[in-house]
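Visitor: Have a look at this fold, sequence not included:
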């Protein structure tokens with residue numbers, strides 16, 4: 001009779017465990033796991049073994065001071081493998097870039113171009129004077145360099161221009177006038193991690209001639225500065241104002257009127273920009289991609305809301321709900337971004353199923369122990385060179401989202417979001433051990 005009662009109790013325990021919202025069905029309950037002998041584990045299937053290991057890590061997370069949400073999907077079997085708080089809404093930090101990248105590849109495609117176009121208005125007289133203005137229209141190329149602007153200055157010279165009677169104008173009307181992201185910390189801008197967000201800028205918006213720092217002057221504007229630097233570079237090529245009393249050509253910020261001649265275009269693709277965006281977690285590159293989405297949706301003077309709508313549309317296409325998703329920027333810097341591990345994994349699944357996304361997205365992810373923001377993590381074990389994932393780091397947030405190949409040959413997608421972190425190393429070590437288990 002006692003044996004029958006034990007079986008009934010054990011069966012009820014398994015039922016309760018598999019019915020809980022955040023525990024995946026068929027996962028072994030802690031009482032079973034703690035009493036399983038090593039030889040018994042060896043007889044279990046791959047799926048049972050990995051769930052047993054992950055259950056132990058879930059128990060560890062239960063006792064940790066921080067909050068953890070995890071989702072693991074078996075892409076090969078196309079089924080949920082394991083979850084822990086997978087529906088809990090959390091701050092994603094830079095894993096937000098996963099949502100931005102997949103959305104951009106889906107809507108725009110890898111060959112979509114960031115084009116910085118130069119025009120002149122008026123006419124060039126026989127004495128080599130441009131009786132008009134030069135406009136440079138930006139489309140938020142985050143890679144536009146000092147070398148690029150020198151190339152542009154030479155293109156002016158190659159037109160046969162030696163004097164300019166008008167001015168040089170920067171046109172940054174692609175996006176609105178907000179120079180910082182929605183929900184960015186005011187005391188961190190401008191900086192390497194929270195740079196100016198402008199449709200026309202040079203060397204990431206840093207100041208000429210050394211480009212080593214950001215201007216703290218309240219009157220500074222990246223587009224005006226762009227025009228200023230071009231004016232100085234033309235001076236270096238002996239292209240001067242028609243008014244000989246002025247040292248160099250006047251400059252400013254003004255929208256292109258649309259009646260000029262395009263004489264130079266510098267173009268870069270989403271694929272080029274995405275490499276640094278994901279490998280190095282470059283926030284400026286991510287925001288540039290995000291505002292490409294916004295611009296396609298809205299046109300001139302687009303805002304972060306236009307980009308957010310585009311990302312949310314792709315999330316729904318991926319089969320996930322946006323009821324509990326907040327998209328505030330493209331990089332994950334904003335304090336207002338919220339998403340669940342389950343939603344991030346839905347986007348990873350969507351990318352995996354769409355070759356035109358996956359073929360560009362997957363190679364751009366950091367590789368464990370090899371490159372990018374994972375170069376110093378998981379440098380040995382089964383996860384080494386196996387985990388391809390996007391990291392996320394903010395004050396109080398450590399995240400990791402990506403792909404790994406399991407020992408049974410199956411490809412897995414996972415998302416590990418940890419919030420309330422006081423010691424980043426503790427959270428990263430936990431993520432690394434989790435990935436080793438997935439790969440084992």
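Guide: Looks like it came in fine. Please read these numbers as outputs of a predicted model, since none were measured by experiment. Numbering: from 1, shown residues only.
Visitor: so what's the backbone phi/psi at the closest residue to residue 387 other than its chain neighbours?
Guide: Excluding the flanking residues, the one nearest residue 387 by C-beta to C-beta, 6 or more residues apart in numbering is residue 368, at 3.9 Å. All C-beta spots, glycine's among them, are computed from the backbone N, C-alpha and C. Here is the backbone geometry of residue 368 (degrees, to the nearest 10): phi -60, psi 120.
Visitor: same thing with the one 10 residues further on?
Guide: Torsion angles at residue 378 (phi, psi; degrees, to the nearest 10) stand at phi 50, psi 50.
Visitor: so what pLDDT did it get?
Guide: At residue 378, the pLDDT value in this model is 98.
Visitor: Check residue 10 too.
Guide: 42.
Visitor: likewise residue 234?
Guide: The confidence metric pLDDT takes the value 98 at residue 234.
Visitor: now the one 10 residues further on
Guide: At residue 244, the model reports a pLDDT of 86.
Visitor: Could you give the secondary structure assignment for it?
Guide: The three-state assignment at residue 244 reads coil, by DSSP: H, G, I helix; E, B strand; the rest coil.
Visitor: What number of residues are in the vicinity of it?
Guide: Neighbour count for residue 244, taken as other C-beta atoms under 10 Å: 8.
Visitor: and it, how far is that from residue 45?
Guide: Residue 244 is 85 Å from residue 45, where distance means C-beta to C-beta, to the nearest Å.
Visitor: What about the residue nearest to residue 378 when sequence neighbours are not counted, how many residues nearby?
Guide: The shortest distance from residue 378 to any non-neighbouring residue, by C-beta to C-beta, 6+ apart, is to residue 368 (3.8 Å). Neighbour count of residue 368, defined by other C-beta under 10 Å: 30.
Visitor: what sits against residue 368?
Guide: 374, 377, 378, 379, 383, 384, 385, 386, 387, 388, 389, 435 (C-beta atoms under 8 Å, 6 or more residues apart in numbering).
Visitor: Tell me if I'm right that residue 114 and residue 271 touch.
Guide: No - using C-beta atoms under 8 Å, residue 114 is not in contact with residue 271, being 11.1 Å away.
Visitor: Which of these two has more residues huddled nearby?
Guide: residue 114 (24 against 17).
Visitor: Would you verify that that one is located in a strand?
Guide: Yes - in this structure, residue 114 lies within a strand as judged by three-state DSSP.
Visitor: returning to that earlier point: and the residue nearest to residue 378, how far from residue 434?
Guide: For residue 368 relative to residue 434 (C-beta to C-beta), the value is 12 Å.
Visitor: which ones are touching residue 186?
Guide: Here residue 186 is in contact with residue 180 (criterion: C-beta under 8 Å, 6+ apart).
Visitor: Look up the pLDDT of it for me, please.
Guide: Residue 186 carries a pLDDT value of 89.
Visitor: any idea how far residue 428 is from residue 437?
Guide: Residue 437 is 15 Å from residue 428, by C-beta to C-beta.
Visitor: what does residue 350 give?
Guide: If you measure residue 350 against residue 428 using C-beta to C-beta, the figure is 27 Å.
Visitor: just residue 148 next, same as before
Guide: Residue 148 sits 37 Å away from residue 428 when distances are taken as C-beta to C-beta.
Visitor: Just the pLDDT for the residue nearest to residue 114 when sequence neighbours are not counted.
Guide: In space, and not counting its chain neighbours, residue 114 is closest to residue 141: 4.0 Å by C-beta to C-beta, 6+ apart. For residue 141, the model assigns a pLDDT of 98.
Visitor: How about residue 264?
Guide: 98.
Visitor: The one 10 residues further on too?
Guide: In the prediction, the pLDDT value recorded for residue 274 is 98.
Visitor: Need the nearest residue in space to the spatially most central residue of the chain, chain neighbours excluded.
Guide: Nearest to the geometric centre of the chain sits residue 97, at 2.3 Å (C-alpha atoms, centre = their mean). In space, and not counting its chain neighbours, residue 97 is closest to residue 286: 4.8 Å by C-beta to C-beta, 6+ apart.
Visitor: So residue 140 is in contact with residue 204, correct?
Guide: No - between residue 140 and residue 204 there is no contact under C-beta under 8 Å: 11.8 Å.
Visitor: give the contact list for the residue nearest to residue 97.
Guide: By C-beta under 8 Å, 6+ apart, the residues touching residue 286 are 94, 96, 97, 100, 101, 277, 330, 331, 332.
Visitor: mind listing which of the residues you listed are in helices?
Guide: 96, 97, 100, 101, 277 (DSSP state H).
Visitor: and the two most separated of those residues?
Guide: Across these, no pair lies farther apart than 96 and 277, at 11.2 Å, counting by C-beta to C-beta.
Visitor: Pretty sure residue 419 sits against residue 396.
Guide: Yes - contact status for residue 419 versus residue 396: in contact at 6.3 Å, counting by C-beta under 8 Å.
Visitor: More neighbours: which of the two?
Guide: Ranked by neighbour count (other C-beta under 10 Å), residue 419 and residue 396 place residue 419 first, with 20 against 16.
Visitor: Look up how far residue 395 lies from that one.
Guide: Distance, residue 419 to residue 395, by C-beta to C-beta: 11 Å.
Visitor: okay if I get the ones in helices among the contacts of residue 286 as JSON lines plus pLDDT?
Guide: Listed next are those as JSON lines, based on pLDDT from 0 to 100:
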{"residue": "96", "pLDDT": "98"}
{"residue": "97", "pLDDT": "99"}
{"residue": "100", "pLDDT": "98"}
{"residue": "101", "pLDDT": "98"}
{"residue": "277", "pLDDT": "98"}
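Visitor: all strands of the stretch 1-150 of the chain, in order?
Guide: Along the stretch 1-150 of the chain, counting by DSSP state E, counting those that start in this stretch, strands occupy 67-74, 79-84, 113-120, 123-124, 129-131, 134-137.
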